[in-house]
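> can you look at this prediction? I've put the sequence above it.
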Amino acid sequence: MIFPADARMTFARNYPEVPHVLTHELRDHPLFELEALAALAESLPERSIEYNRGDLPIGVAGKPERPALGIGDTIRGIAETGCWAVCKNIEQDPRYAELLAALLAELRPAIEERTGRMMTPQAFVFVTSPNAVTPYHFDPEHNILLQLRGSKTMTQFPAGDAVYAPDEAHEAYHTGGARELTWRDDMAAGGQDFTIAPGEALFVPVMAPHYVRNGPVPSVSLSITWRSEWSFAEADARAFNREMRRLGLRPRVPGRWPARNLAKAYAWRLMRKVRARS
């Protein structure tokens, strides 16, 4: 087992809404050596690669300009390149797909007891230079970030709180907008810092705003993610609310778990089908 029994118990107690730190036994896996990751990155399609400068502020507007160095060399020289890089959907490679399936199988009983069928499992690898910053943003998946090399500190903010991510930002994201969020220094006091080292992992609730500061040495992290009907329903309800807002209405905010948000979700899904046929 990669997640020890006490880690699985901690996860089951806190999933899906409470951020928490777990332990794991994945730190020395050969698939996450730098050369293996550089080769993986070079084999993936362009849409599955993102890499940027690491000397960024917490808040950015849009995507920063990509460095000139290629992805493989960026990863091989991550100690000096001053970047952060992510390989998306690494389950496209059968070796990583098998590992992802094994990891999620250990957690599946606790996941499906709370939020129903596990859907669209995905995995992402982050390779980060010393002291690099991943700016303030949110993500639509249930997420566990496993630290394999180096350390990083993630500052998380309460999911679903409009102080940290306005309802309009959620609505825009779920209708094709960016995941980057507007940062204000007065929000800092509401964040909770989680520092993880090799052998530790951090659970991130759906759409919990966060930013990440890397530690003083290069870092390798694996993010394993999944969706649930609950998370899809909240996303679709947010998209429906944007349509209502365009009509001049002030729609009620979707509820967090265990609220199901099905009426608005079904309405949005019907609207999409009608538009697709017209």
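Looks like it came in fine.

> look up the closest residue to Ala101, ignoring the ones flanking it.
Pro121 (7.3 Å; CB to CB, 6 or more residues apart in numbering). In this view, the C-beta of every residue, glycine as well, is placed from N, C-alpha and C.

> now do Ala267
Nearest to Ala267 is Phe240, by CB to CB, 6+ apart, at 5.4 Å.

> which secondary structure elements does the host helix or strand of that neighbour contact?
Phe240 belongs to helix 229-246 when assigned by DSSP states H and E. On a contact count with 3 or more CB pairs under 8 Å, 6 or more residues apart in numbering; DSSP states H and E, helix 229-246 meets helix 94-115, helix 167-173, helix 262-277.

> among those, which is the most enclosed?
helix 167-173 (a mean of 20; mean count of other CB atoms under 10 Å).

> any idea how far the closest residue to Pro45 other than its chain neighbours is from Leu40?
If the residues on either side of it in the chain are set aside, Pro45 comes closest to Gln92, at 7.9 Å by CB to CB, 6+ apart. Here Gln92 is placed at a distance of 9 Å from Leu40 (CB to CB, to the nearest Å).

> higher neighbour count, those two?
Of the pair Gln92 and Leu40, Leu40 is the one with more neighbours under other CB atoms under 10 Å, namely 23 against 16.

> my read: that one touches Pro94, true?
No: when contacts are counted by CB atoms under 8 Å, Leu40 is not listed as touching Pro94 (11.7 Å).

> could I get the phi/psi values of the residue nearest to the spatial centre of the chain?
The centre of the chain sits closest to Asp139, judged by CA atoms, centre = their mean, with a distance of 4.6 Å. Note on Asp139: backbone dihedrals following degrees, to the nearest 10 are phi -130, psi 150.

> looking at this, Ile224 is in a helix?
No: counting by DSSP: H, G, I helix; E, B strand; the rest coil, Ile224 is not part of a helix but strand.

> I'd say it and Asn143 touch.
Yes: with contacts counted by CB under 8 Å, Ile224 reaches Asn143, the gap being 7.4 Å.

> mind listing the helices for this protein?
Taking DSSP state H, the helices of the chain run over residues 5-14, 34-43, 71-76, 78-81, 94-115, 167-173, 229-246, 262-277.

> turn the ones you listed into a markdown table, including distance to Tyr51 and mean pLDDT.
As requested, the helices of the chain are exported to a markdown table (distance: least, CB to CB, whole Å; pLDDT from 0 to 100):
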| stretch | distance to Tyr51 | mean pLDDT |
| --- | --- | --- |
| helix 5-14 | 30 | 98 |
| helix 34-43 | 9 | 97 |
| helix 71-76 | 5 | 95 |
| helix 78-81 | 9 | 94 |
| helix 94-115 | 18 | 98 |
| helix 167-173 | 22 | 97 |
| helix 229-246 | 27 | 97 |
| helix 262-277 | 32 | 94 |
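
> take these and lay them out in a markdown table including distance to Leu26.
As requested, those are exported to a markdown table (distance: least, CB to CB, whole Å):
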| stretch | distance to Leu26 |
| --- | --- |
| helix 5-14 | 12 |
| helix 34-43 | 14 |
| helix 71-76 | 18 |
| helix 78-81 | 19 |
| helix 94-115 | 8 |
| helix 167-173 | 30 |
| helix 229-246 | 25 |
| helix 262-277 | 35 |
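
> what's the closest non-adjacent residue to His170?
Nearest to His170 is Arg238, by CB to CB, 6+ apart, at 4.7 Å.

> quick check, pLDDT for the residue nearest to Ala101.
We have a pLDDT of 98 for Pro121.

> who touches it in this structure?
Residues near Pro121 by CB atoms under 8 Å, 6 or more residues apart in numbering: 91, 100-101, 104, 224-226.

> wait, doesn't Tyr51 sit right on Ala85?
Yes: using CB under 8 Å as the test, Tyr51 is close enough to Ala85 to be in contact (3.7 Å).

> which neighbours do those two share?
With CB under 8 Å, 6+ apart, Tyr51 and Ala85 have common neighbours 71, 74.

> between those two, which is the more surrounded one?
When Tyr51 and Ala85 are compared on other CB under 10 Å, the one with more neighbours turns out to be Ala85, at 26 against 23.

> for Asp28, see how far away the more buried one is.
Taking CB to CB, one finds Ala85 at 21 Å from Asp28.

> not counting sequence-adjacent ones, nearest residue to Thr155?
Thr155 sits nearest to Gly191 (CB to CB, 6+ apart), 4.1 Å away.
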